[in-house]
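Novice: Sequence and predicted structure below; questions after.
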Amino acid sequence: MQTLVIVAKKDNPEAVALASRIRETYPHLTVLGDRSLAHELGWPRVEDRELAARADLTVVLGGDGTLIYAARLLGGRGVPILGVNLGSLGFMTEVPVEELFTTLEEVIAGRFQVDSRMKLTCRLIRGGRVLIEDEILNDVVINKGALARIADHETSIDGVPITTYKADGVILATPTGSTAYSLSAGGPIVHPSVDCTVLSPICSHALTQRSIVVPADRTIRITLRSETADTYLTLDGQTGHGLQGGDCIEVVRSANRVNLVRNPRVAYFSILRQKLHWGER
Ligand SMILES: NC(=O)c1ccc[n+]([C@@H]2O[C@H](COP(=O)([O-])OP(=O)(O)OC[C@H]3O[C@@H](n4cnc5c(N)ncnc54)[C@H](O)[C@@H]3O)[C@@H](O)[C@H]2O)c1
Ligand SMILES: Nc1ncnc2c1ncn2[C@@H]1O[C@H](COP(=O)(O)OP(=O)(O)OP(=O)(O)O)[C@@H](O)[C@H]1O
C-alpha cells in the first residue's frame, strides 16, 4: 500500500484534525486529501481523477453521505473504503473514531476483509439519447415537487410491462440503499450480500402496488407518462436533474462494485439492531 486518500466531511473540524493525525502517523505513505480537505490543511491539490487513479485505500471521515460522496468520487476501481463514523447514523461508516488507528494498522498490514457492494448504472434517456449516465451506491429516486400532480410511471423489466405506478415517485434501490429512502417508503431490508434491485413506489395511489425485489441482472425501465414540469431524478441523494414527460430512466447492475472494509467487531445485524432501535437481541 502506497497511497491513502482521505475524504473528510466538509466543514467538520474533527474530521480535519483526524486527517492531519493520519498523515503524521504514516510518514512512509503518500496521504492525499479530497479537494476541500487539501484546501483546509494546505496539502497539495490533486484533481479528483488523479485521486481516483492513485488511491490504494480510501479513508472516509464522516457520515453515510460522505461515504456515498467518496464512492462516487473514486469511481470504478473498487479501491477499499474504510468508513469512520463522524455522522449521526453510520450504516456504512462502520468504524467508530476510537477504533480508527487500530483498524488502520490492520488494513495497512493487509489484514482485512471487504464487503463487496453492488452498484447500479442509471441512464436518463430523452428522445432516444442518453443524457446522463451515472453509477449509484444507494438509490435512484424519481420524485415530484411539492405542487406537482401525481405522475404515471410506466414500468417494465427486460421489456415486459409490470405496471404503471400512479404515485408521487419511484425509488430504485440497491441492497445497500434498501435501508435508506426505500425503507421509509415501505420497502424491504435486503442483506447486502444479495444482489438485487428494489423497486418501491412512493405513496402509490393503488394500495396493492408494493415494493418488488428484482434480480440484479434485469433491466428496469421507467417512462414518465405524464406531462409534469416539476419532477426530478435524484441520484444517491447527491445530484438532481429535472425530468420531462416521455423521459425514460433505465437501471441495470453496474460492472463495478464498492468494497467497504469490514469492521470485524461489527455484524450487519448488530448495526440494524442499533440503528433501527430493535432493542437487545
Ligand atoms: N425519507 C427518507 O428516508 C429519505 C429522503 C431523502 C433521501 N433519503 C436518503 O438519503 C440518502 C443520501 O444520504 P445523505 O447522508 O447524503 O443525505 P442526508 O444527509 O439527507 O441523509 C439522509 C439519512 O439517510 C441515512 N442513510 C444514507 N444512506 C443510508 C443507507 N444506505 N442505509 C441507511 N441509512 C442511510 C443517512 O445516515 C442520513 O441519516 C439517499 O440515497 C436517500 O436514500 C432518505
Ligand atoms: N469532502 C466532501 N466534499 C464534498 N461534499 C461532501 C464532503 N463530505 C460530505 N459532503 C456532503 O455533505 C453531506 C453531509 O455529509 P454526511 O451525510 O456525511 O453528514 P451527516 O449528515 O452528519 O451524516 P449522516 O449522513 O450519517 O447523518 C453529504 O451528503 C455529502 O454530499
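Specialist: Yep, it's here. Just so we're clear, the structure is a prediction, and the values are computed from it rather than from any experiment. Ligands and ions are numbered 1, 2, ... in the order given.
Novice: Show me the strands in the stretch 1-150 of the chain, by range?
Specialist: Shown for the stretch 1-150 of the chain, the strands assigned by DSSP state E, counting those that start in this stretch span residues 3-8, 30-33, 57-62, 81-85, 95-96, 114-126, 129-136, 139-144.
Novice: Any part of stretch 143-158 near ligand 1?
Specialist: No - for stretch 143-158, no contact with ligand 1 is found by C-beta under 6 Å from any ligand atom; the gap never falls below 8.5 Å. (C-beta placed from N, C-alpha, C; glycine too.)
Novice: Need the residues that contact that stretch.
Specialist: Residues external to stretch 143-158 that are found in contact with it (C-beta atoms under 8 Å, 6 or more residues apart in numbering): 142, 161-170, 199, 201-202, 205, 214, 218-226, 228-232, 234.
Novice: Counting neighbours, what do you get for the residue nearest to residue 166 when sequence neighbours are not counted?
Specialist: Leaving aside its sequence neighbours, residue 166 sits nearest to residue 205 (C-beta to C-beta, 6 or more residues apart in numbering; 4.2 Å). Other residues near residue 205 come to 12 when the count uses other C-beta atoms under 10 Å.
Novice: wait, what's in contact with residue 205?
Specialist: Residues touching residue 205, when contacts are defined by C-beta under 8 Å, 6+ apart, comprise 150, 166, 167.
Novice: quick one: which of those is nearest residue 39?
Specialist: The closest of these to residue 39 turns out to be residue 167 (C-beta to C-beta; 42.2 Å).
Novice: Verify the stated contact: that closest one with residue 199.
Specialist: No - at 11.2 Å, residue 167 and residue 199 do not qualify as touching, with contact defined as C-beta atoms under 8 Å.
Novice: Which one of the two is surrounded by more residues?
Specialist: residue 199 (26 against 22).
Novice: got the contact list for stretch 70-82?
Specialist: By C-beta under 8 Å, 6+ apart, the list of residues contacting stretch 70-82 from outside reads 5, 7, 34, 48, 51-53, 55-60, 67, 95, 103-104, 107, 112, 114, 116, 119, 135, 137, 236, 238, 255-261.
Novice: go with 7 Å
Specialist: 7, 34, 48, 51-52, 55-60, 67, 95, 103, 107, 114, 137, 236, 238, 256-261 (C-beta atoms under 7 Å, 6 or more residues apart in numbering).
Novice: And stretch 110-121, by the same measure?
Specialist: 80, 106, 133, 135-137, 140, 172, 174-176, 192, 195, 197, 216, 251-254, 256-262.
Novice: chain center to that stretch: distance?
Specialist: 12 Å (C-alpha atoms, centre = their mean, to the nearest Å).
Novice: Buried residues of it, list them for me.
Specialist: Taking 16 or more other C-beta atoms under 10 Å as the basis for neighbour counts, the residues of stretch 110-121 that come out buried are 112, 114, 115, 117, 118, 119, 120, 121.
Novice: Please, where are all the helices along the chain?
Specialist: Counting by DSSP state H, one finds helices in the chain at the ranges 13-25, 35-41, 48-54, 64-74, 100-108, 181-184, 268-275.
Novice: Just the CA trace of the second one, in CSV.
Specialist: Spelled out, that is helix 35-41. Output for helix 35-41, consisting of C-alpha atoms alone and laid out as CSV, is shown next (Å, rounded to 0.1, in the frame of the first residue of the first chain):
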residue,chain,number,x,y,z
ARG,A,35,-10.4,19.0,-2.6
SER,A,36,-11.8,20.7,0.5
LEU,A,37,-9.6,18.8,2.9
ALA,A,38,-6.5,19.6,0.9
HIS,A,39,-7.5,23.3,0.8
GLU,A,40,-8.2,23.3,4.6
LEU,A,41,-4.8,21.7,5.5
